[in-house]
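1. dropping a prediction and its sequence here:
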Amino acid sequence: MQSRRRFLTLGLAAGVLSLHRGAFAHGNAEHVDKAASEPPKEQQEWGIAGDEKSVSRTIAIMMTDEMRFVPDRIEVRLGETIRFAHENRGAVMHEMVVGTPKTLAEHAEMMQRFPGMEHDEPWMAHVAPGRRGEMTWHFNRAGEFQFACLIPGHFQAGMIGTIKVG
């Protein structure tokens, strides 16, 4: 009976996740081109998806297998649109997910429970080992936000950075 409940619970969780407008995944598979399937932009507490034509500057972000971002502290002016240019210098998949400390911690916990989840939101960039990626974000909300790698174990190992928008 308990295995049946567990099966139903996992099935329900998978169904709920599949209804989310993004897909959830972390393997080494390449993600689809965001421009080809771009959903409507949604305002988040930490900003909104940026338009390439409005980029104010590019910030290079290195990801390492020491579970660190370089740099791990970024200052952005309110209203700025930033292109993050990611370089994964490690041997494992990494990602950069922007959010509030609360949303990142919640998502990291979910990733621990469902490590094979796939997701593709404008505030996320997945970068395969030795590869490069980009993300464009418009910071239209002031505050202190975070970015993190939510692949199971990475967030817990301290792969977190801070974005101060003022």
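-> Looks like it arrived, so ask away. Residues are numbered from 1 along each chain as shown.

2. pull up the pairing partners for whichever helix or strand I59 is part of, direction included.
-> Assigned by DSSP states H and E, I59 falls within strand 57-64. Its sheet considered, strand 57-64 pairs with strand 68-70 (antiparallel), strand 81-88 (parallel) by DSSP bridges.

3. deepest of the ones you listed, which one?
-> Burial of the strands paired with strand 57-64 is given as mean neighbour count (mean count of other Cβ atoms under 10 Å); strand 81-88 ranks first at a mean of 20. C-beta coordinates here come from the backbone N, C-alpha and C atoms, glycine included.

4. that strand: what's the following helix or strand?
-> Downstream of strand 81-88, the first helix or strand assigned by DSSP H and E is strand 94-99.

5. got a list of what M62 touches?
-> The contact partners of M62, by Cβ atoms under 8 Å, 6 or more residues apart in numbering, come to F69, V70, H86, E87, R89.

6. residue contacts, the residue lying closest to it once chain neighbours are set aside?
-> Spatially, and ignoring its direct neighbours in sequence, M62 is nearest to V70 (4.3 Å; Cβ to Cβ, 6 or more residues apart in numbering). By Cβ under 8 Å, 6+ apart, the contact set of V70 is I61, M62, T64.

7. from these, which single one is nearest E118?
-> Of all the contacts of V70, E118 sits closest to I61, with 21.8 Å by Cβ to Cβ.

8. is it possible to get CSV of the contacts of M62 that adds pLDDT?
-> Listed next are the contacts of M62 as CSV, based on pLDDT from 0 to 100:
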residue, pLDDT
F69, 98
V70, 98
H86, 98
E87, 98
R89, 97
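
9. quick check, nearest of those residues to S56?
-> H86 (17.8 Å).

10. ok, back up a step: from the contacts of V70, which is closest to V98?
-> Of all the contacts of V70, I61 has the smallest distance to V98: 10.9 Å, by Cβ to Cβ.

11. OK, contacts around that closest one?
-> F69, V70, P71, F84, A85, H86, E87, M96, G161.

12. got TSV for the residues you listed, with distance to V127 too?
-> As requested, the contacts of I61 are exported to TSV (distance: Cβ to Cβ, whole Å):
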residue	distance to V127
F69	11
V70	14
P71	16
F84	10
A85	10
H86	5
E87	7
M96	8
G161	15
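
13. so what sits opposite the residue sitting nearest the centre point of the chain in the bridge?
-> Centroid-nearest residue in the chain: V97, 2.2 Å away (criterion: Cα atoms, centre = their mean). Beta-bridge pairing for V97 (DSSP bridges): M124, A148.
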